[in-house]
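Peer 1: Below are the sequence and a predicted model; questions follow.
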Amino acid sequence: MKLTSLNRFKASALHLALSAAIGTAVVVLMLSVWYPQHYFAAMGGTTLILLLIGVDVVLGPLITLIVFDPKKKSLKFDLAVIAALQLGALVYGCSVMFDARPAYNVFAVDRFEVIAANAIDEASREKAAPEFRSSPLTGPKVVAVRQPDDPKRLSDIVISATNGGADIANMPDLYVPYEQFRRDAAKAAKPLPDLVKRQPQNAAAIRAFVAASGRAEESMGYLPMRARNMDMAVVVDTKSGEIIGILPANPW
């Protein structure tokens with residue numbers, strides 16, 4: 001297709017279709033790999049995606065609509081500049097989403113904490129076990145965190161967390177496999193029926209979750225899951241501590 005055969009409206013529509021296809025592919029990648037299940041909402045992905053789409057899918061075709069003129073000698077250069085700017089915005093937006101992706105869902109005492117890749121304490125990462133020195137690339141890994149053996153370090157972490165700094169869940173050198181603490185999670189879990197009483201507006205979703213699980217409601221409990229944008233509830237088996245799923249309901 002030659003540029004001279006297009007008018008500004010056709011060119012903009014073609015640009016919009018191409019941008020939408022690329023944007024859709026990027027969103028699918030993010031939802032299926034970096035932000036699976038309910039983590040997208042929990043980590044505030046909606047805001048970032050809207051910003052990314054607004055710049056990449058809307059702004060590019062709009063500029064094409066304004067500048068496109070098949071009689072212009074500089075048309076190819078103008079379109080190349082638009083494409084370069086659009087690609088740069090897309091790469092930047094993807095890098096932000098990648099850096100802010102949920103890396104770990106950390107069980108700590110009586111709750112879960114979703115830790116973004118860019119929120120991990122770097123000094124702690126250097127001392128971590130090999131499996132925790134690099135952030136997962138395919139969605140958050142469920143782990144548990146143990147208290148440090150050194151009382152002074154524990155005190156320093158408490159002070160840091162109190163002042164808005166890194167908390168114990170941000171320290172990968174203290175991570176251990178969730179299997180080691182899942183019995184503790186089972187003991188700390190609150191009965192799932194209590195969540196229905198706390199959040200009656202979510203009763204239908206909770207009952208649908210129970211039905212889909214094929215388990216008795218009495219055999220399941222929940223623990224709060226703190227995240228950057230929205231706190232949710234992690235549902236566990238009250239005997240084994242096995243994680244059954246996540247409910248997008250306020251756990252408090």
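Peer 2: Sure, I can see it. Predicted, not measured: the structure shown is a model, and the values here were computed from it.

Peer 1: can you list the domains in this protein?
Peer 2: 3-99, 102-180, 181-252 (automatic domain parsing).

Peer 1: Let's have those in a markdown table, adding mean neighbour count and mean pLDDT.
Peer 2: Where C-beta positions appear, they are placed from N, C-alpha and C, glycine not excepted. Below are the domains of the chain laid out as a markdown table (neighbours: other C-beta atoms under 10 Å; pLDDT from 0 to 100):
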| stretch | mean neighbour count | mean pLDDT |
| --- | --- | --- |
| domain 3-99 | 16 | 85 |
| domain 102-180 | 17 | 94 |
| domain 181-252 | 17 | 95 |
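
Peer 1: which outside residues touch stretch 82-93?
Peer 2: With contacts defined as C-beta atoms under 8 Å, 6 or more residues apart in numbering, stretch 82-93 is touched by 19, 22, 26, 48, 51-52, 55-56, 59-60, 63-64, 67.

Peer 1: Would you mind finding the longest helix in this structure?
Peer 2: helix 75-99 (DSSP state H).

Peer 1: contacts for the helix or strand following it?
Peer 2: Moving toward the C-terminus from helix 75-99, the next helix or strand (DSSP states H and E) is strand 102-108. With contact meaning C-beta under 8 Å, 6+ apart, strand 102-108 is reached by 34-35, 39, 42-43, 112-117, 120, 135-136, 139-145, 168-169, 172, 175, 178, 181-182, 184-185, 223, 225, 227, 234.

Peer 1: who's sitting farthest from the centroid in this structure?
Peer 2: Residue farthest from the centre of the chain, counting by C-alpha atoms, centre = their mean, is residue 71 at 46.4 Å.

Peer 1: which stretches of the chain form helices?
Peer 2: Under DSSP H, the chain gives helices at 8-29, 39-42, 45-53, 60-67, 75-99, 122-127, 151-162, 182-188, 192-198, 203-213.

Peer 1: Could you check how far the fifth one is from the centre of its chain?
Peer 2: Spelled out, that is helix 75-99. 23 Å (C-alpha atoms, centre = their mean, to the nearest Å).

Peer 1: picking up where we left off before, could I get the contacts of stretch 82-93 in CSV, plus columns for distance to residue 238?
Peer 2: Formatted as CSV, the contacts of stretch 82-93 follow (distance: C-beta to C-beta, whole Å):
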residue, distance to residue 238
19, 49
22, 46
26, 40
48, 36
51, 41
52, 41
55, 47
56, 46
59, 51
60, 52
63, 57
64, 58
67, 63
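
Peer 1: Between which two of those residues is the distance greatest?
Peer 2: 48 and 67 (27.9 Å; C-beta to C-beta).

Peer 1: does residue 218 really touch residue 191, like I thought?
Peer 2: Yes. Residue 218 is within contact range of residue 191, at 7.4 Å (criterion: C-beta atoms under 8 Å).

Peer 1: before we move on, back to that, just send the helices of the chain back as CSV, with distance to residue 240 too.
Peer 2: Compiled in CSV, the helices of the chain are given as follows (distance: least, C-beta to C-beta, whole Å):
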stretch, distance to residue 240
helix 8-29, 34
helix 39-42, 23
helix 45-53, 31
helix 60-67, 51
helix 75-99, 34
helix 122-127, 29
helix 151-162, 29
helix 182-188, 6
helix 192-198, 15
helix 203-213, 14
